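In: Kindly return the folded structure for what I paste below:
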Amino acid sequence: AGGSVLAFPELIPLLERAISTGDVLRLGRAVHAHLVKTALTSHTLLSNRLVALYSLLPSPAAAVAAFDDLPHKNAHSYNTLLAALLRRPGTLPDAFHLFDTMPADSRNLVSYNTLMSSLTHHGRQGEALRVVARLARDRFLGPGLAMDRFTVVSVATACAGIRAVRPLREMHGAVVVSGMELTVIMANAMVNAYSKAGRVEDARHLFNQVSIRDNVTWTSMISGYCQVKKLDEAVQVFDMMPDKDRVAWTALISGHEQNGGEDTALELFERMLADGVSPTPFALVSALGACAKLGLVTRGKELHCFILRQSIGSDPFNIFIHNALVDMYSKCGDMTAAMAVFHRMPERDFISWNSMVTGFSHNGLGKQSLAIFEEMLVAGVRPTHVTFLAVLTACSHSSLVSNGRLILESMEDHGIEPRAEHYAAFIDALGRNRQLEEATEFIKDLPSRIGPGTAGSWGALLGACRLHGNIELAEEVAEFLFKLEPGNS
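Out: A predicted model of the protein is given here:
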């Protein structure tokens, strides 16, 4: 701005440019200094934009200071600061306080919508729906608090997050009674929410009423049918879809793969490629998952080659795809290929490591499972319940009893409480190693750890008794099992 005094009409574009580019420290502060110099900080419109500008900073302190300096605050002033405070989980209490202490004429529908959408964004959907109830109570404050399309989308999104049906139906009823025009964005949010809540018939009824549908509407309906395992209906909707995009294909393929339709999932995947549609990473993960469940290692290798060809000239690494490849090769029994993929991964998460530990374990390679488990600990990756169950099973199948005992005892050091299935795996290891009396005493001591000895624990010991011909102990074990599960005698 140099030494000249800028007029009001020139300052607004400068502030808007600073906000749109995020240039808070240079351009923003220069404009702020100019406002102070020309005594324009008292101008509500300009200062509201200053609050919006400073809300882009990591800390809301400057936005709060600009707000506090405002001599004449209007609804926009409060809502701008409210939005700034709601961006960060750490300042949510300050946002709630501001909302509660707003003057009645400033707490408008924008305030409620901002609060609801932000709470939903932070995973606090239940609180967002309580805000809706408060909005309904506060409507007597004036016509400005009537519901609008943003309210509808916020409520539907909150309901979808926690699969809540009642508030969704109440809001849907209010939309119908008010005669509000149903936009495609509103319809999409509501179809998605009904689908997520398992109310697929309600979703379909609304879907049929909507005059304009976009790909999100169609895909939400397809996903809804897949979620409740109505795969034929999902295919019917998909076949009616005028413009089948890769997201819709993914929804249908993954829906089949997750609900026992692995063969169909692979057929759909081939149909998608034949239609010239490029698969999403999640479509590839689903196709690999189908190969893993069906044990189709050759088909899985073909997919692997396809993935390698597709990634030429672009960023080849996607952790979800690589984890799915490791899982597919492991479940198909090709641990050499699984290990090769694993070692080529530039980054790994706990799922990558769990797949290797579990893969070696399920393929009877106990020592390798134990070795990769130890590598996992050295790499600083925190094991899960699944990791421990896999490595304990590996110890059992490979007669590594002492290793199994040490691993079981180490679980609490990693912040994990052993469950019944972990004890059952160790008892199985004792039984397979002919340490039947120790196994019996171990089970009898279980009530002090996890309550009554579990059927799984006694079942593991009974299997070992049969394997090693210990008839006397088998009869004693069978008696305990009968007491635990008299219906399965």
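In: where in the protein is pLDDT low?
Out: Across the chain, the stretches falling below the confidence threshold (pLDDT under 70) are 1-12, 14-15, 18-20, 22-28, 30-42, 139-145, 312-316, 436-437, 439-440, 443-489.
In: what residues are up against residue 78?
Out: The contact partners of residue 78, taken as C-beta atoms under 8 Å, 6 or more residues apart in numbering, are 98, 102, 103, 106, 107, 111. The C-beta positions use only the backbone N, C-alpha and C, and glycine is treated the same way.
In: Buried ones among those?
Out: If you count burial by 16 or more other C-beta atoms under 10 Å, the buried members of the contacts of residue 78 come out as 98, 102, 106, 107, 111.
In: What is the host helix or strand of residue 388 packed up against?
Out: Using DSSP states H and E, the secondary-structure element containing residue 388 is helix 385-397. Counting contacts by 3 or more C-beta pairs under 8 Å, 6 or more residues apart in numbering; DSSP states H and E, the secondary-structure elements packed against helix 385-397 are helix 350-362, helix 366-378, helix 401-410, helix 420-432.
In: Can you name the residues in contact with the first one?
Out: For helix 350-362, the external contacting residues (C-beta under 8 Å, 6+ apart) are 319, 322-323, 326-327, 329-331, 335, 338-339, 342, 345, 366, 368-369, 372-373, 376, 379, 381-384, 386-387, 390-391, 393-394, 397.
In: Buried residues, that helix. List them.
Out: Applying a neighbour-count criterion of 16+ other C-beta under 10 Å, one finds 351, 352, 353, 354, 355, 356, 357, 358, 359, 360, 361, 362 buried in helix 350-362.
In: Going by distance to residue 429, which of those wins?
Out: Top of the list for closeness to residue 429, among those and by C-beta to C-beta, is residue 361 at 12.1 Å.
In: Tell me which residues touch the spatially closest residue to the closest one that is not a sequence neighbour, please.
Out: Excluding the flanking residues, the one nearest residue 361 by C-beta to C-beta, 6 or more residues apart in numbering is residue 394, at 3.7 Å. In this structure, residue 394 makes contact with 357, 360, 361, 365, 366, 369, 370, 400, judged by C-beta under 8 Å, 6+ apart.
In: got it, and residue 172?
Out: When contacts are counted by C-beta under 8 Å, 6+ apart, residue 172 touches 190, 206.
In: and it, how far is that from residue 202?
Out: When C-beta to C-beta, to the nearest Å is the yardstick, residue 172 and residue 202 sit 8 Å from each other.
In: Now residue 138: which helix or strand?
Out: If you go by DSSP H and E, residue 138 is part of helix 125-138.
In: quick check, distance from stretch 46-57 to the centre of its chain.
Out: Here the centre of stretch 46-57 is set off from its chain's centre by 33 Å, with C-alpha atoms, centre = their mean, to the nearest Å.
In: What lies in contact with whichever strand or helix holds residue 120?
Out: Secondary structure from DSSP H and E places residue 120 in helix 109-121. Contact with helix 109-121 is made by 75, 78-79, 82-83, 86-87, 95, 99, 102, 125, 127-128, 131-132, 134-135, 144-148, 150-151, 153-155, 157-158, 161, as judged by C-beta under 8 Å, 6+ apart.
In: tilt between it and helix 125-138?
Out: Here helix 109-121 runs at 160 degrees with respect to helix 125-138, directions being taken by axes from the mean of the first three to the mean of the last three C-alpha atoms, to 10 degrees.
In: from now on call the first residue 3
Out: Got it, the first residue is 3 from now on, which makes the last one we talked about helix 111-123.
In: mind checking the SS state of residue 214?
Out: coil (DSSP: H, G, I helix; E, B strand; the rest coil).
In: how deep is the closest residue to it other than its chain neighbours tucked in, by neighbour count?
Out: Spatial nearest neighbour of residue 214, chain neighbours left out: residue 186 (5.2 Å); criterion: C-beta to C-beta, 6+ apart. Burial measure for residue 186: 14 neighbouring residues, criterion other C-beta atoms under 10 Å.
In: got it, and residue 157?
Out: For residue 157, which is what you asked about, the neighbour count (other C-beta under 10 Å) is 32.
In: Nearest residue to it in space, please, no chain neighbours.
Out: The shortest distance from residue 157 to any non-neighbouring residue, by C-beta to C-beta, 6+ apart, is to residue 173 (4.6 Å).
In: Does the one you found touch residue 156 like I think?
Out: No. Here residue 173 lies out of contact with residue 156, judged by C-beta atoms under 8 Å, at a distance of 9.6 Å.
In: shared neighbours, the two?
Out: The overlap between the contact sets of residue 173 and residue 156 (C-beta under 8 Å, 6+ apart) consists of residue 134.
In: Comparing the two, which residue is more hemmed in?
Out: Set side by side, residue 173 and residue 156 show unequal neighbour counts under other C-beta under 10 Å, the larger going to residue 156 at 28 against 23.
In: just to revisit the earlier point, mind listing what's buried in the helix holding residue 390?
Out: Neighbour counts over helix 387-399 (16+ other C-beta under 10 Å) mark 389, 390, 391, 392, 393, 394, 395, 396, 397, 398, 399 as buried.
In: which among those gets closest to residue 229?
Out: Within the set of those, residue 391 lies nearest residue 229; the separation is 27.9 Å, counting by C-beta to C-beta.
In: mind listing what residue 399 touches?
Out: Taking C-beta under 8 Å, 6+ apart as the criterion, residue 399 is in contact with 363, 366, 368, 434.
In: Let's see that with 10 Å instead.
Out: With contacts defined as C-beta atoms under 10 Å, 6 or more residues apart in numbering, the neighbours of residue 399 are 363, 364, 365, 366, 367, 368, 371, 427, 430, 431, 434.
In: quick revisit: show me what contacts the residue nearest to residue 157?
Out: Contact partners of residue 173, counting by C-beta under 10 Å, 6+ apart, are 131, 134, 138, 149, 153-154, 156-158, 160-161, 192, 195.
In: again, 8 Å this time
Out: Taking C-beta under 8 Å, 6+ apart as the definition, contacts of residue 173 comprise 134, 149, 153, 154, 157, 158, 161.
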